[in-house]
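[1] this one's structure only:
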């Protein structure tokens, strides 16, 4: 009798047990599937029937087993498994390895059909599905086959298709791919040629072109500058290749930095833009020393208003970059400037900064992003009555004009999650099999990036070269220069007593002049999965020296945690005996730009063990005795100093955990530590002379 699935019944899937076979481990689930007979579809004599199906899901396996699992025993294609595998396999295999195993499996099925006639039909179904997998692979991830200049994968595929499946289109598609990639390589090569014109041609060109007066920052409309930042961020985010964000690709010690490297260039481009925005926020506020506090406050207020425009456009990337710049130590310490701001601007800044609070695994920004990812426009809210009225008017305007906004997320959140997953979960099981459950967790984060990339397609802004000419003309400063300029604008006042700090939840400090700053005191820029003062050495071409701390991640753990839950989110990477900590290696006393990475700290780890782990992360060699380990101390997110961990100390118990934030450690040579101590002493004497 024929059966059909019942639409009115939900299938129930429950974990049953774990099964092992040679080269693979499976999680087995029992799925209750409900049916009813076709003769009873009139619902008048509905008679429901059900059966229990056994479903095996690969938990871990050898590379051969994982590739074979792309096609089920019945010759069916498991689309979910195929998507996860193709998105993450680069962390444990090369494209050529996967292709060779697929071809080997196809040939084995061909031979098995000859030897066992009764299995021929099923084997042919599997072979057809393997061809479908290769086609999907070529369409979805064409860059996997762009191994210039040999194109070995495509040539292997072309030869295989010619010999074993001449009636398919795989051979032709492989040949066309090679021709296309070769044309693109030639085109890119031609694009590198620079033509030189004579001075006469250049002068003629300047005369013919229409003269445009250089822009001044205060003259640029807030919405125009915000639209340009969103235009750039959206274009870069749409080009991000999700698998480049994987922790194994992005944060591992074999990562090549800089534009000359070939690792994760799409991610590096996004980071560079983030850094460029933050640097210009600081530069425009500090560059004119003679400005009165009231005029400097106008610049600061303009950046806050631009940040609000970005919030309305749902551009969380440049929004975070501007907030990071305003929260940098050199800007935040300008008390007189902050005191000149109107209360509405202070409230607005506080509300925008709270979006990126690290409380509960950055739950506020995660909930906001998931809520607004595919919404037509943002859901603005405020405790300030003036801001409430403005937001209400803006919302009415969007509805009346039918405006739909796209979304650009802060990429650092996803890089954090993927880095922490990579750090906390082992690549292989105890028996040496590839841990595919880890890849499933990573894929859930990659799927969120793909979803948001589709939302970024909605923007329709056009590039304004005049504004970008101004943007590129702004002279930026490194961290030391920013600090010196800030101290010249408002010299440090040394005194015997320090003012008491209020709770971080308060909107003003003890002087009532500045908003509370929940984030770190250094300029936040994007790093390998970490937050606040985390930084990237990301080839900042417009910085005069590479010594500036830039874009940070949240100290999050995994976006696999539900953002819809009302319960408090705690880190799954912290236990009574272990925790994930952030570390950085500083190569010298002038090293001000750092790359943060993560390590697993155990309760048995002593100082030399932790130093060895850090050196391994950064591919550095040398005895641990040549280095010292320091913990970066913070107070309410503000960096206050460093704690030297004793040479024979147990780091897990010696570290300071009083502020509740994620521990941060620095490793530097003993010689460099002494040089930095002397440098700070000289700096204090210099600033004291300035104040006199």
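    Here it is on my side, so go on. Model, not experiment: these values are computed from the prediction. Numbering: from 1, shown residues only.

[2] contacts, neighbours, all on C-alpha from now
    Will do.

[3] Tell me the secondary structure at the residue nearest the centre of the chain.
    In the chain, the residue lying closest to the centroid (CA atoms, centre = their mean) is residue 415, at 2.9 Å. Assigned with DSSP: H, G, I helix; E, B strand; the rest coil, residue 415 falls in the helix class.

[4] Tell me how far it lies from residue 600.
    Computed with CA to CA, to the nearest Å, the distance linking residue 415 and residue 600 is 17 Å.

[5] if we can go back for a sec, pretty sure the residue nearest to the centre of the chain is touching residue 249, no?
    No: shown here, residue 415 and residue 249 do not form a contact pair, counting by CA atoms under 8 Å, at 10.7 Å.

[6] Name the nearest residue to residue 99, sequence neighbours excluded.
    residue 153 (7.3 Å; CA to CA, 6 or more residues apart in numbering).

[7] Just list what the helix or strand encompassing the one you found packs against, helices and strands only.
    In this structure, residue 153 sits in helix 152-164 according to DSSP states H and E. If contacts are counted by 3 or more CA pairs under 8 Å, 6 or more residues apart in numbering; DSSP states H and E, helix 152-164 sits against helix 95-115, helix 170-191.

[8] State the mean pLDDT of the helix or strand that the first one is followed by.
    If you walk from helix 95-115 toward the C-terminus, the next helix or strand you reach (DSSP H and E) is helix 120-140. In this model, helix 120-140 carries a mean pLDDT of 91.

[9] Helix 120-140: how far from the chain's middle?
    34 Å (CA atoms, centre = their mean, to the nearest Å).

[10] buried residues in that helix?
    Within helix 120-140, the residues that count as buried by 16 or more other CA atoms under 10 Å are 120, 123-127, 129-131, 133-134, 137-138.

[11] That helix to helix 170-191, inter-axis angle?
    10 degrees (axes from the mean of the first three to the mean of the last three CA atoms, to 10 degrees).

[12] Give me the packing partners of helix 120-140, helices and strands only.
    Partner elements for helix 120-140 (3+ CA pairs under 8 Å, 6+ apart): helix 95-115.

[13] tell me which strands and helices the helix it packs on is in contact with?
    helix 63-68, helix 120-140, helix 152-164.

[14] Residue 632 should be in a strand, yeah?
    Yes: assignment of residue 632 by three-state DSSP places it within a strand.

[15] so it bridges to which residues?
    With DSSP bridges as the criterion, residue 632 is bridged to residue 642.

[16] Where does the prediction get shaky in the stretch 201-350 of the chain?
    Across the stretch 201-350 of the chain, the ranges flagged by pLDDT under 70 are 201-213, 250-262.

[17] where exactly do the helices run in it?
    222-239, 247-250, 265-286, 293-312, 316-326, 329-332, 335-339, 343-354 (DSSP state H, counting those that start in this stretch).

[18] tilt between the third one and helix 222-239?
    This means helix 265-286. Using the same axes, to 10 degrees: helix 265-286 against helix 222-239 is 160 degrees.

[19] In terms of secondary structure, what does helix 265-286 contact?
    Against helix 265-286 (3+ CA pairs under 8 Å, 6+ apart) you get helix 222-239, helix 293-312, helix 316-326, helix 329-332, helix 479-489.

[20] now what about stretch 102-114, what contacts it?
    67, 68, 119, 120, 123, 124, 126, 127, 130, 160 (CA atoms under 8 Å, 6 or more residues apart in numbering).

[21] TSV for those, including distance to residue 177?
    Formatted as TSV, those follow (distance: CA to CA, whole Å):
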residue	distance to residue 177
67	23
68	25
119	34
120	32
123	29
124	27
126	25
127	22
130	19
160	15
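
[22] Looking at those residues, which is nearest residue 662?
    residue 67 (38.4 Å; CA to CA).

[23] residue contacts, that closest one?
    Neighbours of residue 67 in contact, by CA under 8 Å, 6+ apart: 98, 101, 102.

[24] picking up where we left off before, measure the residue nearest to the centre of the chain to residue 125 for me?
    Residue 415 is 39 Å from residue 125, by CA to CA.

[25] Over to residue 119?
    Counting by CA to CA, the gap from residue 119 to residue 125 is 10 Å.

[26] Check residue 485 too.
    Applying CA to CA to residue 485 and residue 125 gives a distance of 71 Å.

[27] what does residue 236 give?
    41 Å.

[28] Same question for residue 186.
    In terms of CA to CA, residue 186 sits 41 Å off from residue 125.

[29] Over to residue 426?
    35 Å.

[30] can you check residue 667 too?
    Residue 667 is 57 Å from residue 125, by CA to CA.

[31] in a strand, that's where residue 406 is, yeah?
    No: membership of residue 406 in a strand is not supported by three-state DSSP, which gives coil.

[32] pretty sure it is in contact with residue 460, am I right?
    No: with contact defined as CA under 8 Å, residue 406 does not count as touching residue 460 (9.1 Å).

[33] what's the helix or strand for residue 615?
    Going by DSSP H and E, residue 615 is in helix 607-617.

[34] Which residues outside that helix are in contact with it?
    Under CA under 8 Å, 6+ apart, the answer for helix 607-617 is 252-253, 583-585, 597, 599, 601, 621, 624-625, 627-629, 645-651, 667.
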